[in-house]
Structures are given as structure tokens and as C-alpha cells.
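Next come a sequence and a model predicted from it.
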Amino acid sequence: MNELVTGHYKVVVIGAGFGGMYALHRLRSEGTETICFEAGGGVGGTWYWNRYPGARVDIESMQYSYSFDEELQQEWSWPENFSAQPDIERYANHVADRFGLREDIVFDARVNSMRFDEGANIWHLTTERGDEVTAHYVISATGSLDATNVPGFPGLDSFEGDWHHTSQWPKEGVSFDGLRVGVIGTGSSGVQAIPEIAKTASHLHVFQRTPAFTMPNNNQPLDPDYEREWKDTYAERREAMRTDQGLSMFPPKYGAILDMEPAVREAIMEDLYASRSGFNLLVAFNDTMVNAEANELLAEFMRNKIRSIVTDPVVAEKLCPRYAIGTKRVCLDSGYHATYNRENVTLVDVRESPIEEITPRGVRTADGEYELDILVLATGFDAVSGSLTRLNVTGVDGLDLRDKWKDGATNYLGMFVAGFPNLFMIHGPGSPGVLAQMIAGAEWQVQYVLDVIHDLDTRRVQRIDTTAEWENKWDAEVQTAASYTLFGGTDSWYKGANIEGKPKSFMVYVGGYDNYSRRCREQVEADYEGFVLSP
Ligand code: NA7
């Protein structure tokens with residue numbers, strides 16, 4: 001759709017990633033007047049933007065896909081167990097075409113303001129390219145990892161080579177052939193990109209501030225028998241996922257690691273490390289995320305793996321993370337640590353010698369200047385809340401969402417914000433979002449939001465809001481759930497600690513999707529306890 005859009009819609013959806021596409025599909029199927037604004041030039045959201053080399057999903061593709069349409073899940077074939085970005089983008093495009101979604105998606109249309117009209121109970125939305133619409137309801141499906149974090153390195157603009165952030169990767173690709181490359185950042189994006197870049201760069205310098213725990217994905221082409229097994233029993237498997245804490249299916253759990261004889265636990269860990277996904281290790285035991293001693297057993301097992309792979313013992317120690325495993329997002333990799341055995345790869349510890357500036361010729365740390373032809377920033381995101389605050393949202397009494405959230409992204413049930421009526425967040429702060437299988441989570445939340453909208457229609461309610469009191473109660477539940485785990489002890493993007501000046505408050509509900517979905521339903525069933533409904 002190219003022409004500028006004006007007019008009134010019952011529901012405006014923001015974002016055509018997996019959450020937004022599903023919301024749009026459901027709304028269109030039931031004949032609701034709706035439209036979707038998408039900042040990118042195509043569908044896929046996070047999977048549209050993050051097209052850096054090596055970008056790959058960390059949940060098996062047979063799971064990380066839509067469950068809402070049996071024909072769709074039967075007809076689609078994934079090439080690998082853990083599909084790469086181009087295949088996930090291809091899938092997103094297939095879904096958009098198959099369900100005719102493009103008709104109602106406005107591409108290259110970044111929403112740049114949203115204002116609530118209290119008299120009329122409608123939202124006014126504008127986009128950067130000039131669309132102006134009103135909507136009774138807004139579903140924001142803007143993603144958890146959307147607002148790019150470019151740290152304010154002095155001198156970045158003076159760099160004479162090209163630089164790219166992994167989440168805004170040029171569509172035409174980037175050649176590293178014979179170039180001196182620098183990568184800053186060793187989270188999931190860096191860990192995935194580094195082995196790929198090292199293959200063709202003349203030299204790669206990796207600027208690491210905090211090493212990541214990363215496990216092998218043991219990726220393989222999808223075995224047709226395995227695919228058949230899944231497809232023959234998709235319905236049961238999806239049902240099992242829906243009742244799982246993380247909306248995922250992992251191999252059986254083994255109980256408490258602390259109760260095990262050393263030889264037994266070593267054998268289990270070795271088995272899982274070599275399994276279809278090393279990630280299985282992270283969820284195998286019921287005490288590793290709640291007990292520091294248990295966590296350390298798993299962490300040390302992983303450190304020993306690094307020591308066994310990386311031949312230079314000094315480099316190996318620098319690559320060993322010291323925080324509790326799992327409290328920062330664990331990465332899944334394809335040969336990450338072995339990359340440091342290559343002649344053309346050098347690890348620079350910028351915790352030891354911080355980056356002082358970017359110069360026209362490269363990166364200067366406290367140790368000296370590293371000359372580079374090209375620079376890659378794998379420095380992450382203003383995660384979870386950043387994609388919402390940058391929409392410029394103004395609620396009741398002219399309240400700016402940025403001001404509202406200056407001390408923390410308070411919300412109710414991870415979907416509602418007091419003073420911002422008729423706005424529903426998909427994967428918002430306070431929901432399990434990034435710690436559950438995100439496509440399944442979006443399907444659940446969209447269903448919930450549509451049920452609420454239907455119910456409001458039946459009750460002839462015009463406006464749904466919540467209160468600061470209930471936001472505080474929900475925040476207490478979110479923080480209490482986190483306090484039973486080791487998450488809170490580490491500075492991570494889960495609690496906003498990666499962005500200077502962002503309030504540190506844990507933004508993800510870690511009590512499990514089973515509890516989360518029950519709590520969301522309970523509050524509606526208790527005659528909308530915690531909500532303010534206005535006729
Ligand atoms: P992450 O996980 O936030 O990683 C960003 C990395 O960049 C991390 O290693 C940071 O170190 C590093 N970083 C950030 N700012 C700086 C500065 N100023 N100097 C040096 N290093 C810096 O983002 P990703 O894109 O890798 O992954 C995001 C999610 O995508 C991931 O969790 C998966 O869910 C998929 P730090 O740890 O802050 O010391």
C-alpha cells in the first residue's frame with residue numbers, strides 16, 4: 001500500500017512482525033476495520049531487521065512458528081533445525097501472502113506519534129511518511145528487540161570506514177573480504193556474527209566487555225523423519241507447549257543438580273551439551289536458576305568447555321563468563337569459541353582496557369589504537385520498553401509515556417498501562433515476552449486481547465484503563481517472581497541495565513506462562529478487577 005492513509009479504524013496494529021501479523025490476520029478474519037503500520041519495507045519485524053551474517057533462531061524451528069493454522073504448519077518445511085534469518089523472513093513472507101495480509105499493511109510507515117483523545121475515546125496516530133488515522137483501539141506489536149542501541153562512543157562519526165549495527169543491516173549485505181574488521185559486543189548477535197565474519201576478514205578484532213555463556217546449537221539439516229514425527233502429532237505437541245512455562249517443548253527434566261552424584265550430573269550435562277541443542281542444558285535442572293551453588297556447577301561445566309576448545313589459555317579465561325549462567329540471555333552458537341583459535345582473530349578485553357574513542361582509522365582503547373577498515377556494532381537494544389517509548393505516546397492529561405516510565409515501565413498484566421486507555425501491548429514489559437517462545441506468546445496475547453475487545457463490545461464499554469495501584473500490585477508480582485530466581489543479581493537488558501540512564505527494574509515476568517495466562521484470565525473473570533471500564 002503506497003498512498004497515504006487517513007480515516008478511522010476500529011483497531012490499528014503497529015508492527016508487522018509475528019505478533020502484529022497474527023493480530024492483523026485475526027482482526028481481518030472477523031471483519032474488523034483494521035490497518036497495520038510497519039516501519040520496515042517488509043514483514044518479519046525483528047527477523048526483517050536483523051539480517052547480519054549468522055543470524056539464526058535459538059528455538060527449534062518446528063516450535064518457533066505459528067500454531068494457529070493446521071494447513072500452514074503442515075505445508076511449510078524448514079530447511080534446518082534452527083533456521084537462519086533468510087528462511088525465517090521467507091516464512092514471514094509466505095504467511096503474509098497466504099493470508100493476504102499485505103492488503104492491510106502500510107510498509108515504510110514508522111508510527112511517530114500517538115495521542116489519546118479523552119473526549120472521543122480514540123487514538124490519533126501519525127507516521128513519519130505522513131499517514132494520519134484515528135483508532136478506537138491500538139495493538140502495539142513493536143517487538144522487544146527493536147530500539148537499536150548505538151552507544152555514544154566519542155568519534156564514531158569520524159570513522160572513515162563503514163560501520164553497521166547488527167540490527168540495521170543493509171539488505172544488499174556487507175562484504176568483509178580481505179578487510180580489517182572490528183566487532184564491538186559479544187551478546188547473541190556478536191556470537192552469531194563473529195564466526196561468519198572471521199571466515200573472510202583479513203583480520204577480526206573482537207572488542208569484548210562481558211563474555212557470554214553460549215551453547216552449541218548442534219544445527220543440522222532438518223531430518224525428514226523428525227519433521228514427519230512433528231507434523232503427525234503437531235496438535236498434541238502444540239498443546240503441550242501451551243501448558244509449558246516457556247511455551248516450549250524441551251526434553252524431560254532431571255530434577256535438582258545438587259542432588260546428583262558428580263559422575264551422574266557430568267554424564268547428563270555431556271549428553272545434553274551434545275544433544276539437538278546445547279540450550280537443553282539450561283532448562284534441564286530445576287535448581288540452576290534459583291540456587292547459586294547449583295548454577296555454579298552448570299556455569300563451571302560450560303567454562304570447562306571453553307577451556308577445552310580455545311587453545312590459548314589466557315584467551316580462554318577471558319572468554320569465561322563469571323556471572324550466574326542464564327541471568328543474561330544465553331546464546332546458541334555455531335562454532336563461536338573455536339573462532340578464537342584462528343590466526344586472523346584477536347580478542348580485545350575492553351573491560352580491562354575500555355574503548356576511549358573511535359578514531360578516523362579505528363578503535364582506540366586504553367591500550368592503543370586498532371586500525372580497522374570496517375566496524376560492526378553488536379551492541380544490542382533498548383530492550384522491551386524502548387520500542388514503545390520511542391513511538392511518542394501521549395495518554396490521558398497529556399501524559400507522555402517516557403515520563404510515565406522514567407522510574408520504570410509500570411504496567412498491568414504486561415499488556416495495559418494506566419493513563420493510556422484502549423492500548424494493548426504485545427510482549428510488553430511485565431509479560432513473559434522474551435523468556436518464552438515468542439510466536440506462541442504473541443498468539444496467546446492476541447487471543448486474550450480480542451476476547452477482551454469482544455467482551456467490551458458486548459458490555460457497551462468504550463474505554464478500558466487500569467490504575468497506578470494495580471500497576472504496583474502487578475509490578476510486585478513481577479519483581480517477586482524474579483526474586484525467587486538468580487536473575488536479579490546480574491546487570492542485564494532484562495532489567496534495563498545496558499542503557500545509560502534507564503531505570504533498573506526487572507521487566508520480564510519469570511513466573512512462567514502457565515501462571516501468567518492464569519493471572520490474566522482471573523483478573524478479567526473477577527469482573528475486570530484492576531481495570532477501569534467506562535461506558
Ligand atoms: P546484547 O545481548 O545486549 O549484547 C550487546 C553486547 O554489546 C554485549 O556484549 C554488551 O556488553 C556489548 N556492549 C554494549 N554497549 C557496549 C559498549 N559501550 N562498549 C562495549 N561493549 C558494549 O544484544 P544482542 O543484539 O547481542 O542480543 C539481543 C538479543 O537478541 C539476545 O539476547 C537474543 O534474545 C536475541 P555488556 O554485556 O553490556 O557488558
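Received, thanks. Numbering: from 1, shown residues only.

Local confidence estimate at the closest residue in space to residue 341 that isn't next to it in sequence?
Distances taken as CB to CB, 6 or more residues apart in numbering place residue 311 nearest to residue 341, at 5.1 Å, with adjacent residues excluded. For every residue, glycine as well, the C-beta is placed using N, CA and C. You'll see residue 311 listed with a pLDDT of 98.

which SSE is residue 311 in?
Assigned by DSSP states H and E, residue 311 belongs to no helix or strand.

residues near it, how many?
By other CB atoms under 10 Å, 11 other residues sit near residue 311.

Just confirm residue 92 is within a helix.
Yes - when DSSP: H, G, I helix; E, B strand; the rest coil is applied, residue 92 is found to be in a helix.

Break this protein into its domains for me.
6-147+383-534, 184-223+252-377 (automatic domain parsing).

for these, which one sits closest to the ligand?
Evaluated with CB to the nearest ligand atom, those place domain 184-223+252-377 nearest to the ligand, the distance being 2.2 Å.

Say whether the ligand is contacted by that closest one.
Yes - Domain 184-223+252-377 reaches the ligand (CB under 6 Å from any ligand atom) through 184-190, 209-210, 329, 350, 355.

Residue 471 in helix, strand or coil?
Quick answer, by three-state DSSP: residue 471 is helix.

circling back to that earlier point, can you redo the residues of domain 184-223+252-377 next to the ligand as a markdown table with distance to residue 250 and secondary structure?
Output for the residues of domain 184-223+252-377 next to the ligand, formatted as a markdown table (distance: CB to CB, whole Å; DSSP: H, G, I helix; E, B strand; the rest coil):
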| residue | distance to residue 250 | secondary structure |
| --- | --- | --- |
| 184 | 33 | strand |
| 185 | 28 | coil |
| 186 | 25 | coil |
| 187 | 22 | coil |
| 188 | 19 | helix |
| 189 | 24 | helix |
| 190 | 25 | helix |
| 209 | 30 | coil |
| 210 | 26 | coil |
| 329 | 17 | coil |
| 350 | 35 | coil |
| 355 | 38 | strand |
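
Would you mind listing which of those are buried?
For the residues of domain 184-223+252-377 next to the ligand, a burial check counting by 16 or more other CB atoms under 10 Å picks out 184-190, 210, 329, 350, 355.

Looking at these, which gets the smallest pLDDT?
Minimum pLDDT across these falls on residue 329, with 94.

what's near enough to touch residue 429?
384-385, 409, 411, 414, 507-508 (CB atoms under 8 Å, 6 or more residues apart in numbering).

Residue 171 now?
residue 51.

rewinding a little: out of the domains of the chain, the one nearest residue 162 is which?
domain 184-223+252-377 (5.3 Å; CB to CB).

what does stretch 472-486 contact?
Taking CB under 8 Å, 6+ apart as the rule, stretch 472-486 contacts 289-292, 295, 324, 326-327, 408, 410-414, 430, 488, 505-511, 515, 519, 530.

The residue nearest to residue 25 when sequence neighbours are not counted: neighbouring residues, count only.
Of all residues not flanking residue 25 in the chain, residue 99 sits nearest, at 5.0 Å (CB to CB, 6+ apart). For residue 99, the count of nearby residues is 18 (other CB under 10 Å).

Roughly how far does residue 99 sit from residue 66?
10 Å (CB to CB, to the nearest Å).

How about residue 243?
Distance from residue 243 to residue 66, by CB to CB: 18 Å.
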